[in-house]
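Participant: Please work out how this folds:
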Amino acid sequence: MYNNSYSIGEVISNTDYLIFKKGIRPEWEDPANKDGGKWVVTMPIEDDIEEECEKAWLNLLLSVIGGTLSREQRDAINGMTFSIRDKHLRISLWCKEGQDKELLTVIGKEFKKLAQLDKRYKFGFQLH
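Facilitator: As a prediction, this is how the structure comes out:
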């Protein structure tokens with residue numbers, strides 16, 4: 001998986017790079033996503049954060065597919081997206097559950113820890 005993933009420099013602006021579990025569409029309307037939400041962090045392009053964002057994406061990707069998260073966390077995560085826009089970069093971690101606040105808090109803290117981004121970037125959860 002790692003050898004076939006794209007770097008930030010290879011993904012053109014106004015593109016989303018999506019990795020989801022087999023059979024789950026990267027849409028909030030998908031039955032596996034409809035009752036869930038996503039953890040999101042957005043970084044302005046003008047902050048020249050491409051290298052840090054690349055590291056955050058790679059750390060998250062390797063943890064999600066590498067099995068370093070707990071079974072409960074892996075089961076709750078449906079996929080992840082990396083979005084490049086003209087003015088910002090965004091990483092999202094999609095979860096199938098939107099109501100289990102304890103589990104979502106643990107996942108959010110792990111996301112933040114893995115991303116290792118500057119404290120000025122705020123992580124937030126959005127229900128679908």
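
Participant: Spell out, range by range, the strands that occur in this protein.
Facilitator: 15-20, 37-44, 77-84, 88-95, 123-127 (DSSP state E).

Participant: Go through the ones you listed and name the closest to residue 31.
Facilitator: strand 77-84 (10.7 Å; CB to CB). Backbone N, C-alpha and C define where each C-beta goes, glycine included.

Participant: Compute the mean per-residue pLDDT across that closest one, please.
Facilitator: The average pLDDT within strand 77-84 is 94.

Participant: Just the CA trace of it, in CSV.
Facilitator: Coordinates of each C-alpha in strand 77-84 appear next as CSV, following Å, rounded to 0.1, in the frame of the first residue of the first chain:
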residue,chain,number,x,y,z
ILE,A,77,-12.7,4.0,11.0
ASN,A,78,-14.2,3.6,7.5
GLY,A,79,-11.6,5.6,5.6
MET,A,80,-9.6,8.7,5.2
THR,A,81,-9.3,11.5,2.7
PHE,A,82,-6.6,14.0,1.7
SER,A,83,-7.9,17.1,-0.1
ILE,A,84,-5.9,19.7,-1.9
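
Participant: How about the residue of the chain positioned farthest from its centre, nearest residue that isn't a chain neighbour?
Facilitator: If you look at how far each residue of the chain sits from its centre, by CA atoms, centre = their mean, the farthest one is residue 46, at 20.8 Å. Excluding the flanking residues, the one nearest residue 46 by CB to CB, 6 or more residues apart in numbering is residue 87, at 7.8 Å.

Participant: In this structure the one you found contacts residue 44, no?
Facilitator: Yes: counting by CB atoms under 8 Å, residue 44 is a contact partner of residue 87 at 6.5 Å.

Participant: Brilliant, that's me finished.
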